[in-house]
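# sequence-free structure coming up:
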């Protein structure tokens, strides 16, 4: 489970910014917290901010860290590391990007991080803590790697580590127990886009072809309201034997070897003039006949279901795009409510939907904002950290949506005088 994530000198983020999922001492919604021994953790966090304020870059940073970790072993010795520093300052443009994450795994707290530029890993570290005291497992500075006696799996692997590869990934390749567990943890971190959701459909279809497809079909039915789904392809039309039904009477293998182009069909009941059900089913092509919101929900079903089942971390940019506010709230409740999320999965997402601030869904420490300073750098701060003009904290009984729209917490777009636009156009036409 994630405790906190810190990123610096990456895209619009200049100075180090930290997103924390360890709960503060505030009183609201304590029943929603994850009890992890000495830690009380948040099940979700939401980021608000103006367009181009950097909220997507915060989420992108988490996804980038995961990608660097999980793909490090596959990278060739000449391959570049996909990072871009903060380019609006001479102080940072030639410096490495910074990533660090604190998380709980098998009763231990780990602090793992690295500094990288496009050419090489400039620093890397791993610390472990069972109780309060933290101990070093390894520390790396460029090519020098100091492995302690508590990290035996890393011994004699220092010279096998390329300058553009992570030492942790090398240890995993040689079946190191701790490193393998950490790589597996990163593998459960899903970073997706709510606007480019079409790329996620294959995961939903993949899960429908696995042993847990019955559970996923219940999930799809409850979320989307579709009882029957058929999956085939253009060269092999969907037949009744391949239809996936909510009562599971006709479950069958998914897909066909004849084509990679998958066709999703939904089946709907038909009624006569007396509003009585007739013995006929209407078939819809999901892409052509169902709404864009229904398509998105189907595509997101796989990653959401996967995260809830495995107790991982789901990161979604623009979760609310194409969705009704009540549907977005339902997805959030899947994570926030312990009875719906027994495996303690976590959700971090960005949104512009201020309706979510009115439903008492969030604690103040779950609400984050991004805002750029006068030098173009992103600042990340939570509502529980925000101080009023008189130095006091924001009360839990405030109207968060109204205050945010009015600019009380910052992180809103600057809109100039629109009345000047038309006269300026008319002046140019003279």
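Structure received. Note that this is a predicted model, so its numbers are computed, not measured. Numbering: from 1, shown residues only.

# And the helices in the stretch 51-200 of the chain, which stretches?
55-71, 167-173, 177-187 (DSSP state H, counting those that start in this stretch).

# Redo those helices as a markdown table? Include distance to residue 334.
For every residue, glycine as well, the C-beta is placed using N, CA and C. Shown next, in a markdown table, are those (distance: least, C-beta to C-beta, whole Å):
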| stretch | distance to residue 334 |
| --- | --- |
| helix 55-71 | 19 |
| helix 167-173 | 32 |
| helix 177-187 | 21 |
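
# winner for burial among these?
helix 167-173 (a mean of 23; mean count of other C-beta atoms under 10 Å).

# Can you give the distance of that helix from its chain's centre?
Put simply, helix 167-173 sits 25 Å off its chain's centre (C-alpha atoms, centre = their mean, to the nearest Å).

# Among the helices of the stretch 51-200 of the chain, which comes closest to residue 349?
helix 55-71 (7.7 Å; C-beta to C-beta).

# Quick one: mean pLDDT over the closest one.
Averaging pLDDT along helix 55-71 gives 95.

# Show me what that helix packs onto, helices and strands only.
strand 2-8, strand 44-49, strand 97-105, helix 177-187, strand 189-193, strand 313-317, strand 346-350, strand 378-382 (3 or more C-beta pairs under 8 Å, 6 or more residues apart in numbering; DSSP states H and E).

# If you average pLDDT over each of these, which is lowest?
Taking the mean pLDDT of the helices and strands packed on helix 55-71, strand 189-193 comes last: a mean of 86.

# what's the angle between the next helix or strand after that strand and strand 189-193?
Next along the chain after strand 189-193, taking DSSP states H and E as the criterion, comes helix 201-208. On the basis of axes from the mean of the first three to the mean of the last three C-alpha atoms, to 10 degrees, helix 201-208 is oriented at 130 degrees to strand 189-193.

# any weak-confidence spans in this structure?
209-213, 232-262, 359, 413-422, 424-430 (pLDDT under 70).

# longest helix of it?
Identified as the longest helix of the chain according to DSSP state H is helix 292-310.

# quick one on the thing from earlier: using CSV, lay out the helices and strands packed on helix 55-71 together with distance to residue 405.
Listed next are those as CSV, based on distance: least, C-beta to C-beta, whole Å:
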stretch, distance to residue 405
strand 2-8, 28
strand 44-49, 10
strand 97-105, 33
helix 177-187, 37
strand 189-193, 26
strand 313-317, 22
strand 346-350, 17
strand 378-382, 18
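
# Tell me which of the ones you listed approaches residue 303 most closely.
Across the helices and strands packed on helix 55-71, residue 303 has its closest neighbour in strand 189-193 (5.1 Å, C-beta to C-beta).

# Which neighbouring elements make contact with the closest one?
Looks like strand 189-193 contacts helix 55-71, helix 292-310, strand 313-317 (3+ C-beta pairs under 8 Å, 6+ apart).

# Buried ones in the longest helix of the chain, by neighbour count?
294-308 (16 or more other C-beta atoms under 10 Å).

# Same check on stretch 120-134?
Buried, per 16+ other C-beta under 10 Å, within stretch 120-134: 120-122, 124-128.

# How is this structure divided into domains?
Under the assignment automatic domain parsing, the domains of the chain span 2-188+311-405, 196-298.

# Could you export those as TSV, including distance to residue 411?
Converted to TSV, these look like this (distance: least, C-beta to C-beta, whole Å):
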stretch	distance to residue 411
domain 2-188+311-405	4
domain 196-298	24
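
# ranking these by burial, who's on top?
domain 2-188+311-405 (a mean of 18).

# show me where the stretch 201-350 of the chain has strands.
Remark: strands assigned in the stretch 201-350 of the chain by DSSP state E, counting those that start in this stretch are 228-233, 243-245, 262-271, 277-285, 313-317, 346-350.

# wait, which of the ones you listed is closest to residue 196?
With C-beta to C-beta as the yardstick, what comes closest out of the strands of the stretch 201-350 of the chain is strand 313-317 (9.0 Å).

# Partner strands of the closest one and their direction?
strand 189-193 (parallel), strand 346-350 (parallel) (DSSP bridges).

# These: which one's closest to residue 30?
Closest among those, using C-beta to C-beta: strand 346-350, at 16.6 Å.

# residues in contact with that closest one?
1-2, 19, 21, 34, 41-49, 55-56, 58-59, 62, 194, 307, 312-319, 331-332, 335 (C-beta atoms under 8 Å, 6 or more residues apart in numbering).

# Provide the strand pairings for whichever helix or strand comes after that strand, with the direction of each partner.
Next helix or strand after strand 346-350 toward the C-terminus (DSSP H and E): strand 367-372. Strand 367-372 pairs in its sheet with strand 44-49 (parallel), strand 378-382 (antiparallel), by DSSP bridges.

# residues touching residue 112, list them.
Residue 112 touches 100-101, 103, 125-127, 168, 182, counting by C-beta under 8 Å, 6+ apart.

# of all those residues, which two lie farthest apart?
103 and 125 (14.3 Å).

# wait, which of the strands paired with strand 313-317 is closest to residue 327?
strand 346-350 (13.4 Å).

# Find the residue at the geometric middle of the chain.
Nearest to the mean C-alpha position of the chain, counting by C-alpha atoms, centre = their mean, stands residue 315 at 0.5 Å.
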